[in-house]
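Visitor: quick one: sequence and predicted model below, then my questions.
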Amino acid sequence: MENFVAYNPTKLHFGKNILSTLAGTLKEYGTRVLLVYGKGSIKKSGLYDQIITYLKREELEVVEYSGIQSNPIIEDVDAAAILGRQHHVDVILAIGGGSVIDSAKIISVTIPVQHGGWDFFLGKAKATEAIPVVTVLTLAATGSEMNPFAVISNHALGQKTDFGSPLTFPKHSFLDPQFTLTVPRNYTAYGIADLIAHCFEAWFGIGTPSLTDRFVIDIIKEAMDVGPKLLADLGNYEYREKIMFAATMALNGITMYGRSAGDWGVHNVGHCLSLLYGVPHGASLTIVYPAWLRHFKNQIPERIAQLGSNLFNAPLSTGESIYRIETFFHSLGCPIRLSELNLPGDLFQPIFEAMVYNKVNGANMKMKEEDYRKIIELFI
């Protein structure tokens, strides 16, 4: 077991009808609220009106920034930070999925400074102060509601990368599975794939603590059991509840106890696909993971076979394990080859160049340019 530090200060409010305490929680930090959300789905669902009613009842002042994209961009972060700075906001309320919450985290450390948020990603600036962030989750996928990490795209520089600080943990996160009932089938499937991929990144990281490995396996098995049932019955509250809980547990730190790092190489490749072609995050992972497993199968055969055997309750070879994992992703309706997306033009060279430019690598399974070529050939 590797040495590790366990730390998670986020207070999680989970369950049906838990928003009654939201306004009072916000008021703990002040009365001026920066409300950040996406492109309007919360208005269609009625969630926006519900939350605004709660905030007005507590006489909270609200300034809004809407339009956060599904692959969030630094321009929105900077614009929202300027707005928050102008209005001297006390707290940020992020309503949405991982993209909105990720954006809110970087907004929180950008408001107190006079430079753009990308300086934190470049290492030109260190976060020393943050506006408190409170979240209301509407998409079970990224786990951003209970971790300090954020992934943002900078198209001008051709980069999509991550940042994290102890300051960027949400203070409170409100998770009512009812808010995910309207998520369409494809994004529900991508969320299931995303939480499984987070567990895979831990499994193939540095360190193999037996108890933590069991946490990983059971989170994945929960998703594999409930996921297909949910996709066949999208309005089922119980299934939504279980997937939401699994997604949070997949990236709140519990899968990393006893490891010094996850691998994250697949995520880094997937970021290139999202950056170049707008591929939804979960879909990028189901495209890349089977290729990554096949590429590294001779280097980590036992680890892959152990994963497959545990997940499918049968002694499986390395090759059989990869095939079963790939087949499961496809059964969710997720792509497992980039060709399934019918993207025009030459794909290999732009992806290869993006991987070189972004210095794509994993913490455990190292990649060089020849690895890039072979992995791309396997998923393209």
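Guide: Received it, and whenever you're ready, just let me know what you need.
Visitor: what's near enough to touch Cys334?
Guide: Ala189, Tyr190, Ala193, Gly282, Ala283, Thr286 (Cβ atoms under 8 Å, 6 or more residues apart in numbering). Every residue, glycine included, has its C-beta placed from N, CA and C.
Visitor: filter the residues you listed down to the ones in helices?
Guide: Ala189, Tyr190, Ala193, Gly282, Ala283, Thr286 (DSSP state H).
Visitor: make TSV from those residues and add neighbour count, distance to Glu238 and pLDDT to it.
Guide: Shown next, in TSV, are the ones in helices among the contacts of Cys334 (neighbours: other Cβ atoms under 10 Å; distance: Cβ to Cβ, whole Å; pLDDT from 0 to 100):
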residue	neighbour count	distance to Glu238	pLDDT
Ala189	24	18	98
Tyr190	26	21	98
Ala193	28	21	98
Gly282	27	22	97
Ala283	26	26	98
Thr286	31	25	98
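Visitor: would you turn these into TSV with distance to Leu12?
Guide: Shown next, in TSV, are these (distance: Cβ to Cβ, whole Å):
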residue	distance to Leu12
Ala189	24
Tyr190	23
Ala193	23
Gly282	22
Ala283	27
Thr286	27
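Visitor: and which of the residues you listed is nearest Glu377?
Guide: Among the ones in helices among the contacts of Cys334, Thr286 lies closest to Glu377 (Cβ to Cβ), at 17.4 Å.
Visitor: quick check: the closest one touching Ile336?
Guide: Yes: in this structure, Thr286 is within contact of Ile336 by Cβ atoms under 8 Å, at 5.7 Å.
Visitor: so what sits against both of those two?
Guide: Common contacts of Thr286 and Ile336 (Cβ under 8 Å, 6+ apart): Phe329, His330.
Visitor: how about Val113, secondary structure?
Guide: coil (DSSP: H, G, I helix; E, B strand; the rest coil).
Visitor: swap that for Ala94, sorry
Guide: Using three-state DSSP, the structure places Ala94 in strand.
Visitor: give me the beta-bridge partners of it?
Guide: Counting by DSSP bridges, Ala94 is bridged to Val36, Thr135.
Visitor: can you pull the contacts of it?
Guide: Shown in contact with Ala94 (Cβ under 8 Å, 6+ apart): Val36, Tyr37, Val100, Ile101, Ser103, Ala104, Val133, Val134, Thr135, Val136, Pro170.
Visitor: helix or strand: which one has the most centrally placed residue in the chain?
Guide: Central residue of the chain (Cα atoms, centre = their mean): Thr142, 2.5 Å from the mean position. Assessed by DSSP states H and E, Thr142 sits outside every helix and strand.
Visitor: list the buried ones in stretch 236-252?
Guide: Of the residues in stretch 236-252, 239-252 count as buried by neighbour count, 16 or more other Cβ atoms under 10 Å.
Visitor: now distance to Pro344 and secondary structure too, for those, in CSV please.
Guide: What follows is the buried residues of stretch 236-252, written out as CSV (distance: Cβ to Cβ, whole Å; DSSP: H, G, I helix; E, B strand; the rest coil):
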residue, distance to Pro344, secondary structure
Tyr239, 37, helix
Arg240, 36, helix
Glu241, 41, helix
Lys242, 39, helix
Ile243, 34, helix
Met244, 36, helix
Phe245, 40, helix
Ala246, 36, helix
Ala247, 33, helix
Thr248, 38, helix
Met249, 39, helix
Ala250, 34, helix
Leu251, 34, coil
Asn252, 39, coil
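Visitor: quick one: which of those residues is nearest Tyr7?
Guide: Asn252 (10.8 Å).
Visitor: so the residue nearest to Ser70 when sequence neighbours are not counted, which of the three states?
Guide: In space, and not counting its chain neighbours, Ser70 is closest to Ser99: 5.3 Å by Cβ to Cβ, 6 or more residues apart in numbering. State at Ser99, reduced to three classes by three-state DSSP: helix.
Visitor: which residues sit in contact with Ser99?
Guide: Counting by Cβ under 8 Å, 6+ apart, Ser99 makes contact with Gly38, Ile68, Gln69, Ser70, Asn71, Pro72.
Visitor: among the residues you listed, which two are most distant?
Guide: Maximum distance among the contacts of Ser99 (Cβ to Cβ): 11.6 Å, for Gly38 and Asn71.
Visitor: element containing the closest residue in space to Lys242 that isn't next to it in sequence, please.
Guide: In space, and not counting its chain neighbours, Lys242 is closest to Val226: 4.6 Å by Cβ to Cβ, 6+ apart. Assigned by DSSP H and E, Val226 falls within helix 210-232.
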